[in-house]
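Asks: What follows is a predicted protein model with its sequence.
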Amino acid sequence: MALDENFIMRTMMEISDKVATIGGKIDGFIAGQANLEAKYTSLEVRVKGVETSTETLKDKWSSVQWVVYGGMAVFSAGAGLFWVVGWPILKNKFGL
């Protein structure tokens, strides 16, 4: 059986073409993975920024919360004092 040189060359060209196609697909996959990694890194940075903002808001709310609680305590004490002392005076003086 004689070797057909055209057959061998054609087969080698087909194999070379298939390898190039597979190589292109692998390159596309790797590029896609790099793109996903960049998006993941970006998302990770954004999440850390949100965590930092949340901690800042918690700290600010804590300080505001204590100011509100202090104001409520002062108002309650003033209202209690008025009810015990001021209201009887107004009642006697103005006939309320």
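Replies: Perfect, thanks for sending it. Keep in mind the model is a prediction, meaning the values are calculated, not measured.

Asks: those strands in this protein, which residues are they?
Replies: Here the chain has no strands by DSSP state E.

Asks: Give me the residue at the spatial middle of it.
Replies: Nearest to the geometric centre of the chain sits residue 47, at 3.4 Å (Cα atoms, centre = their mean).

Asks: how much space between residue 65 and residue 92?
Replies: In this view, residue 65 and residue 92 are 40 Å apart by Cβ to Cβ, to the nearest Å. Backbone N, C-alpha and C define where each C-beta goes, glycine included.

Asks: Check residue 13 too.
Replies: According to Cβ to Cβ, residue 13 stands 115 Å off from residue 92.

Asks: chain center to the helix of greatest length in the chain, what's the gap?
Replies: If you go by DSSP state H, the chain has its longest helix at helix 5-81. Remark: helix 5-81 is offset 8 Å from the chain centroid, using Cα atoms, centre = their mean, to the nearest Å.

Asks: what about that helix, average pLDDT?
Replies: Helix 5-81 shows a mean pLDDT of 90.

Asks: what helices or strands is it leaning on?
Replies: Helix 5-81 sits against no helix or strand, with contacts defined as 3 or more Cβ pairs under 8 Å, 6 or more residues apart in numbering; DSSP states H and E.
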